[in-house]
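Colleague: Just need the structure, nothing else, for what follows:
(chains A and B)
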Protein chains: 2
Amino acid sequence: MKRVKLVVAYDGTNYRGWQVQNNGETIESMLNRAISSLTGEEIHVMGSSRTDSGVHAMGNVAVFDTEARMAADKFSYALNQRLPEDIRIQNSCEVPLDFHPRYQKTVKTYEYHILNREFPLPAYRLNAHFTYRPLDIARMQEAARYLEGEHDFQSFCAAGAQVKTTVRTIYELTVEKEGDLIVIRITGNGFLYNMVRIIAGTLMKVGMGEWEPERMTEILEGRDRKLAGPTAPAKGLTLMEIHFKGEKE
Amino acid sequence: MKRVKLVVAYDGTNYRGWQVQNNGETIESMLNRAISSLTGEEIHVMGSSRTDSGVHAMGNVAVFDTEARMAADKFSYALNQRLPEDIRIQNSCEVPLDFHPRYQKTVKTYEYHILNREFPLPAYRLNAHFTYRPLDIARMQEAARYLEGEHDFQSFCAAGAQVKTTVRTIYELTVEKEGDLIVIRITGNGFLYNMVRIIAGTLMKVGMGEWEPERMTEILEGRDRKLAGPTAPAKGLTLMEIHFKGEKE
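Modeller: Numbers count the residues shown, from 1 in each chain, chains lettered A, B, ... in the order given. Predicted coordinates for the structure are as follows:
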């Protein structure tokens, strides 16, 4: 038996998130079916990050165990033949049998995309949040700096989420403009439920001039979800990369 | 009565091209319906460029005549409320009653997008052609230079197309790499049927190393569609902009 690790890219538009649901297709259910039909085994993948409905990925990670003789690095090609166009395996390789994508220490990178212009562009309709209200990038960048480092991010965690600690470290949080697209890029050692989308919604409040960048300090210190901005829509969010500590690369 | 000009962006994936068809929705039919329902008149727009099924636009142009009292520049907002997310008016303004988007002299810009990497990325599945075969940009750029200027582009015109002359001028033809995306950008005073897609297919042949850049001379001089490369798939093509000569901008 071997354990195979998959790096998976997907457009989340047509799925009810990562995790298997009773009421519709998910990324996990599509992977389970493709791998099971390929190997003839009943496969249930273990995912690294349970992205919400509508959220996209360039590099989410899943593992599964198989008796199949196929070399681990060939699964990417074989599975892409069996998956729809909006899910594509980017890499497959063998990992130790005790490698678990959910409990391993990781560094994750997310991007949140905002299209900021007078009218929406159809080409961005699935992968970016649109607003016609002008956003001031310099203000957003200033606010972002308050969030970098180790903080208690309880104010940036969906109310009701149950976790041992809400302390996390953001290694880098950048805001950049590429034409009419604003790209918020966040790298950290772990993210609370909805954390990136709440950060995006909060930075937008600052970008619109409603809040001052310094308000980030108050929001962090207050440890109350009500202090932060709204949760920005799912479709603007993409899980870019998961790096497992100790992994050679 | 006034004539209103619309600049229209769309994702062509779900439409049978621009022009009204009996067997499915088109960009033109969607615009006709939206404008007719807004004004209460029976409106038939006149388009500038009849893009094929699957081709996208950032700035195609259409005009229509109306007795409606609404100011011309307000149509963009009102129509976007009545159009699906994959069609968005970018601008509306009044033009002289003799302005005709098909017979006016224009300069058009197209982009052809190629995603060139080992595996496809779902985020690009609708708007870029994918190939895993490595493309050499420098060779494509060299080949592109042969096509700039005034030439008889008969070899780059779909067989059977009926036009008075196949002489056209390409003002600029660039090939650039943005990450894994190759962007072919062409500006010219008019394009033959399938011309941009045949140019893209031909530049790919050169990029793959099958043809030498100098072969462009032979292809142009031979005036025979069979000499050029294949017609690249529609989904990689986007009509970026139409500039009408004499238009202030």
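Colleague: show me the residues around A:Met140 that make contact.
Modeller: Residues near A:Met140 by Cβ atoms under 8 Å, 6 or more residues apart in numbering or on different chains: A:Val175, A:Ile182, A:Ile184, A:Leu203, A:Met204, A:Val206, A:Gly207. Every C-beta, even on glycine, is put in place using the N, C-alpha and C of the backbone.
Colleague: 7 Å - rerun?
Modeller: Listed by Cβ atoms under 7 Å, 6 or more residues apart in numbering or on different chains, the contact partners of A:Met140 are A:Val175, A:Leu203, A:Val206, A:Gly207.
Colleague: Tell me the predicted confidence for it.
Modeller: On the pLDDT scale, A:Met140 is placed at 98.
Colleague: what about it, which helix or strand?
Modeller: With elements taken from DSSP states H and E, the one containing A:Met140 is helix A:137-147.
Colleague: ditto for A:Gln90
Modeller: Taking DSSP H and E as the criterion, A:Gln90 maps to strand A:87-95.
Colleague: Contacts for that strand next, please.
Modeller: With Cβ under 7 Å, 6+ apart, strand A:87-95 has contacts from A:2-10, A:27, A:30, A:59, A:63, A:72-73, A:75-76, A:79-80, B:119-122.
Colleague: ok, and for it, which residues are buried?
Modeller: Within strand A:87-95, the residues that count as buried by 16 or more other Cβ atoms under 10 Å in any protein chain shown are A:Ile87, A:Arg88, A:Ile89, A:Gln90, A:Asn91, A:Ser92, A:Val95.
Colleague: what about the closest residue to the fourth one other than its chain neighbours, how many residues close to it?
Modeller: Setting aside the residues directly before and after it, A:Gln90 is nearest to A:Val7 in space (Cβ to Cβ, 6 or more residues apart in numbering or on different chains), at 4.4 Å. A count of neighbours around A:Val7, defined by other Cβ atoms under 10 Å in any protein chain shown, yields 21.
Colleague: Just the pLDDT for A:Lys248.
Modeller: A:Lys248 is given a pLDDT of 58.
Colleague: Spatially nearest residue to A:Gln141, not counting backbone neighbours?
Modeller: A:Val175 (4.8 Å).
Colleague: Where do the domain boundaries of chain A fall?
Modeller: Domain ranges of chain A: A:2-95, A:106-244, per automatic domain parsing.
Colleague: Can I get the ones you listed in JSON lines including distance to B:Val167?
Modeller: Below are the domains of chain A laid out as JSON lines (distance: least, Cβ to Cβ, whole Å):
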{"stretch": "domain A:2-95", "distance to B:Val167": "40"}
{"stretch": "domain A:106-244", "distance to B:Val167": "32"}
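Colleague: now the helices for chain A?
Modeller: Using DSSP state H, the helices of chain A run over A:27-39, A:75-80, A:137-147, A:195-207, A:215-222.
Colleague: tell me what the second one is packed against?
Modeller: Using 3 or more Cβ pairs under 7 Å, 6 or more residues apart in numbering or on different chains; DSSP states H and E as the contact definition, the elements that helix A:75-80 packs against are helix A:27-39, strand A:87-95.
Colleague: contacts for that helix?
Modeller: Helix A:75-80 is contacted from outside by A:Val4, A:Leu6, A:Ala34, A:Ile35, A:Leu38, A:Met70, A:Arg88, A:Ile89, A:Asn91, A:Ser92, B:Phe119, using Cβ under 7 Å, 6+ apart.
Colleague: repeat that with 8 Å
Modeller: If you take Cβ under 8 Å, 6+ apart as the criterion, helix A:75-80 is touched by A:4, A:6, A:31, A:34-35, A:38, A:70, A:88-92, B:119-120.
Colleague: my guess is A:Glu148 contacts A:Ile170, does it?
Modeller: Yes. If you go by Cβ atoms under 8 Å, A:Glu148 and A:Ile170 touch, sitting 5.2 Å apart.
Colleague: circling back to that earlier point, which residues touch the residue nearest to A:Gln141?
Modeller: Residues in contact with A:Val175 (Cβ under 8 Å, 6+ apart) are A:Ile137, A:Met140, A:Gln141, A:Ala144, A:Ile182, A:Val183, A:Ile184, A:Arg185, A:Leu203.
Colleague: Need the pLDDT of the residue of chain A most remote from its centre.
Modeller: Distance from the C-alpha centroid of chain A peaks at A:Arg69, with 32.2 Å (Cα atoms, centre = their mean). A:Arg69 is assigned 95 on the pLDDT scale.
Colleague: what does A:Asn22 give?
Modeller: In this model, A:Asn22 is scored at 88, pLDDT.
Colleague: Can you report how many residues neighbour it?
Modeller: Other residues lying near A:Asn22 total 5 when counted by other Cβ under 10 Å.
Colleague: same question, A:Tyr112
Modeller: The number of residues near A:Tyr112, taken as other Cβ under 10 Å, comes to 24.
Colleague: Compute the number of surrounding residues for the closest residue to A:Asp136 other than its chain neighbours.
Modeller: Distances taken as Cβ to Cβ, 6+ apart place A:Gly207 nearest to A:Asp136, at 5.2 Å, with adjacent residues excluded. A:Gly207 has 25 neighbouring residues, counting by other Cβ under 10 Å.
Colleague: give me every residue that touches A:Gly207.
Modeller: Going by Cβ under 8 Å, 6+ apart, A:Gly207 touches A:Leu135, A:Asp136, A:Ile137, A:Arg139, A:Met140, A:Ile182.
Colleague: on that earlier part again, got the phi and psi for the residue farthest from the centre of chain A?
Modeller: Main-chain dihedrals, A:Arg69, degrees, to the nearest 10: phi -80, psi -20.
Colleague: what about stretch A:42-53, distance to the chain center?
Modeller: Computed by Cα atoms, centre = their mean, to the nearest Å, the chain-centroid distance of stretch A:42-53 equals 13 Å.
Colleague: Hmm, I typed the wrong one, I wanted stretch A:200-209.
Modeller: Centroid displacement of stretch A:200-209 relative to its chain, using Cα atoms, centre = their mean, is 20 Å.
Colleague: what are the ranges of the strands in chain A?
Modeller: Under the criterion DSSP state E, chain A contains strands at A:2-10, A:46-47, A:56-66, A:87-95, A:106-116, A:129-131, A:149-152, A:167-178, A:181-188, A:237-244.
Colleague: Redo the ones you listed as JSON lines? Include mean pLDDT.
Modeller: Converted to JSON lines, the strands of chain A look like this (pLDDT from 0 to 100):
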{"stretch": "strand A:2-10", "mean pLDDT": "98"}
{"stretch": "strand A:46-47", "mean pLDDT": "96"}
{"stretch": "strand A:56-66", "mean pLDDT": "98"}
{"stretch": "strand A:87-95", "mean pLDDT": "98"}
{"stretch": "strand A:106-116", "mean pLDDT": "97"}
{"stretch": "strand A:129-131", "mean pLDDT": "98"}
{"stretch": "strand A:149-152", "mean pLDDT": "98"}
{"stretch": "strand A:167-178", "mean pLDDT": "97"}
{"stretch": "strand A:181-188", "mean pLDDT": "98"}
{"stretch": "strand A:237-244", "mean pLDDT": "97"}
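Colleague: how about the residues of chain A near chain B?
Modeller: Contacts of chain A with chain B, taken as Cβ under 8 Å from any Cβ of the partner chain, map to A:9-11, A:56, A:58, A:76, A:80, A:85-90, A:118-123, A:125, A:127, A:238.
Colleague: Which among those residues count as buried?
Modeller: Among the residues of chain A next to chain B, those classed as buried by 16+ other Cβ under 10 Å are A:9-11, A:56, A:58, A:76, A:80, A:86-90, A:119-123, A:125, A:127, A:238.
Colleague: Distance to A:Tyr112 for the helices and strands packed on helix A:75-80 - can I get that in a markdown table?
Modeller: Formatted as a markdown table, the helices and strands packed on helix A:75-80 follow (distance: least, Cβ to Cβ, whole Å):
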| stretch | distance to A:Tyr112 |
| --- | --- |
| helix A:27-39 | 19 |
| strand A:87-95 | 21 |
